[in-house]
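**Student:** Sharing a sequence plus its predicted fold:
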Amino acid sequence: MTFGFIRILFMLISAIVGFQLGSAFEGVGSVWALVGMGIGVLLATLIIFIEAGLGKLSLRGLSAAVFGLILALIISRFLTGAIDLIPDITPVFSSSLKLVLVLVLGYFGMIFAMRGRDEFNLIIPYIKFERQDQKDSVIILDTSVIIDGRILDICQTKFLEGRFVIPGFVLKELQQVADSHDPLKRNRGRRGLDILNKLKKLQHVNVKIQEEDFPDVQTVDEKLIKLSKLLSAKVLTNDFNLNKVAELQGVMILNINELAQALRPIMLPGETMEVKLIKEGKEQSQAIGYLDDGTMVVVDNSRRMIGQMIQVVVTSVLQTAAGRMIFAKLDTKTEERPEQK
C-alpha cells in the first residue's frame, strides 16, 4: 500500500513537472504543455518499471556492486590522468579513450564485486580495530548441536567465549525439522528453537543470525564449511561426518561429544567406586552397570548381585571408538557381605 501510494505520487509530480516544462515553450494550455505532461508520465512509468526490476536484486548484491563501481572509478581516475601524459594526442581521441576506459573499468569492477559478494558481505561486518594480541573468535553453530541442547549448559558456565553465528540455512533446516510430521523430529526441532531463544537471552553471549546463503552449494554441511572459511570461524557440532570432512578441508571443529569424553573422570586400576548393577554381562559370571556419565562398568563374579549398589575395584580401563569401558571386580568387603535377598 505504501509503495503504491509513493509510485502514484511520483507519477503525478512527474506529470506536473512535464506540464510546466512544456508550457515554457508556448505558454500554459499549449500543445507542448500536454506533450511535456505525457513525456513526464512515460518517464515516471519507465523509472517505476526499472525500480520494480531492481527489487529482485538483494541489498547485499547492490552494496557489493556499488563498492566495485567506486573502486573502479578511483582506479580509472589515476589511469585517465596518465593518458594526458601521452605526447601528440588529440583532445577528441583523449576524451574518447578516457570514456572507454572508465566504462570498461566500471563494468569489470561491478562484475567482480558481484561475483565475490559473499566474501565482501561476510567479511566487512566483522572488520574492527583491535589489539593484535586479542582475538575475538567466531563460532558457527550446527543444527545438530542446537538440537542436542548441551550448548546452553556450556554457555551458562562461561567456558566458551566469542561470537556465535547461526546461519540462515541452519535456522531454515531447524524450522523444517520442527514442522516435520514425525512427532520425534518435531519435538527435537522445537527443542532446538527453544534452546536458541534461551541462548539469545544470555547477557554474556553474543548471538548473530547470518542471513547470507550460498545458492550454488547444495548441502548444509558444505555451506557450513564455506561460511567458516570466509569468516575464519570454528564450527561447533556433534556430527561425526561433518567433523571428518571439515578437518580434511582445514576447518577447526569443536565437537561436544569429544568434550564430553574428555570431561569424564579418570579411573585408574586399584581405585574403588560404587556402581549399580543393571544387567547380565557376556560372560557367565559378569554383570554390567553404568556410571552417571554413561560409562559402562563390567564387574566379574557379580551376576548374583544384579539390582544392588555395590563397591568395586577397578582392574583395567579400555578406550574404544564407542567410548570407554571399565573392568572391575568386587571389593573384598562386598564379597564378605552376605548376599541380600
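**Tutor:** Cool, got the structure.
**Student:** quick one: low-confidence ranges for this structure?
**Tutor:** Across the chain, the ranges flagged by pLDDT under 70 are 1-3, 25-30, 54-61, 114-136, 320-323, 333-341.
**Student:** ranges for the helices of this protein?
**Tutor:** 2-26, 31-54, 59-83, 91-115, 117-123, 143-148, 150-156, 168-178, 183-201, 220-231, 240-248, 256-262, 332-336 (DSSP state H).
**Student:** So which of those helices has the densest surroundings on average?
**Tutor:** Highest mean neighbour count among the helices of the chain (mean count of other CB atoms under 10 Å): helix 143-148, with a mean of 22. C-beta here means a position set from N, CA and C on the backbone, and glycine is covered the same way.
**Student:** contacting residues around the residue nearest to residue 11 when sequence neighbours are not counted?
**Tutor:** The shortest distance from residue 11 to any residue other than its chain neighbours is 4.4 Å, reached at residue 44 (CB to CB, 6 or more residues apart in numbering). Residues in contact with residue 44 (CB atoms under 8 Å, 6 or more residues apart in numbering) are 10-11, 14-15.
**Student:** swap the cut-off to 7 Å and go again
**Tutor:** Shown in contact with residue 44 (CB atoms under 7 Å, 6 or more residues apart in numbering): 10-11, 14.
**Student:** quick revisit: turn the helices of the chain into CSV, columns for distance to residue 294.
**Tutor:** Below are the helices of the chain laid out as CSV (distance: least, CB to CB, whole Å):
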stretch, distance to residue 294
helix 2-26, 57
helix 31-54, 57
helix 59-83, 45
helix 91-115, 49
helix 117-123, 39
helix 143-148, 14
helix 150-156, 13
helix 168-178, 25
helix 183-201, 19
helix 220-231, 27
helix 240-248, 17
helix 256-262, 9
helix 332-336, 23
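**Student:** And those helices: which comes nearest residue 271?
**Tutor:** Closest to residue 271 of those is helix 332-336 (CB to CB; 14.3 Å).
**Student:** can you tell me which residue is nearest the centre of this protein?
**Tutor:** residue 167 (2.7 Å; CA atoms, centre = their mean).
**Student:** pretty sure that one is touching residue 211, no?
**Tutor:** No. Assessed by CB atoms under 7 Å, residue 167 is found out of contact with residue 211, at 8.3 Å.
**Student:** Once you drop chain neighbours, what's closest to residue 283?
**Tutor:** The nearest residue in space to residue 283 (CB to CB, 6+ apart) is residue 300, at 7.6 Å.
**Student:** Please name the bridge partners of that neighbour.
**Tutor:** Beta-bridge pairing for residue 300 (DSSP bridges): residue 329.
**Student:** so it makes contact with residue 287?
**Tutor:** No. With contacts counted by CB under 7 Å, residue 300 stays clear of residue 287, the gap being 8.6 Å.
**Student:** So in this structure, which strand runs the longest?
**Tutor:** strand 309-320 (DSSP state E).
**Student:** helices or strands up against it?
**Tutor:** Applying 3 or more CB pairs under 7 Å, 6 or more residues apart in numbering; DSSP states H and E, we find strand 309-320 packed against strand 272-280, strand 323-330, helix 332-336.
**Student:** Compare the helices of the chain and report which one is nearest to residue 276.
**Tutor:** Closest approach to residue 276 among the helices of the chain is made by helix 332-336 (12.7 Å; CB to CB).
**Student:** Using PDB, write down the CA coordinates of stretch 5-19.
**Tutor:** This file holds the C-alpha atoms of stretch 5-19, laid out as PDB (Å, rounded to 0.1, in the frame of the first residue of the first chain):
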ATOM      1  CA  PHE A   5       1.000   5.500  -2.900                       C
ATOM      2  CA  ILE A   6       4.600   6.600  -3.400                       C
ATOM      3  CA  ARG A   7       4.600   5.500  -7.000                       C
ATOM      4  CA  ILE A   8       1.300   7.300  -7.800                       C
ATOM      5  CA  LEU A   9       2.500  10.400  -6.100                       C
ATOM      6  CA  PHE A  10       5.700  10.200  -8.200                       C
ATOM      7  CA  MET A  11       3.800   9.900 -11.400                       C
ATOM      8  CA  LEU A  12       1.600  12.900 -10.500                       C
ATOM      9  CA  ILE A  13       4.600  15.100  -9.700                       C
ATOM     10  CA  SER A  14       6.300  14.000 -12.900                       C
ATOM     11  CA  ALA A  15       3.200  14.900 -14.900                       C
ATOM     12  CA  ILE A  16       3.100  18.300 -13.300                       C
ATOM     13  CA  VAL A  17       6.800  18.900 -13.900                       C
ATOM     14  CA  GLY A  18       6.400  17.800 -17.500                       C
ATOM     15  CA  PHE A  19       3.400  20.100 -17.900                       C
END
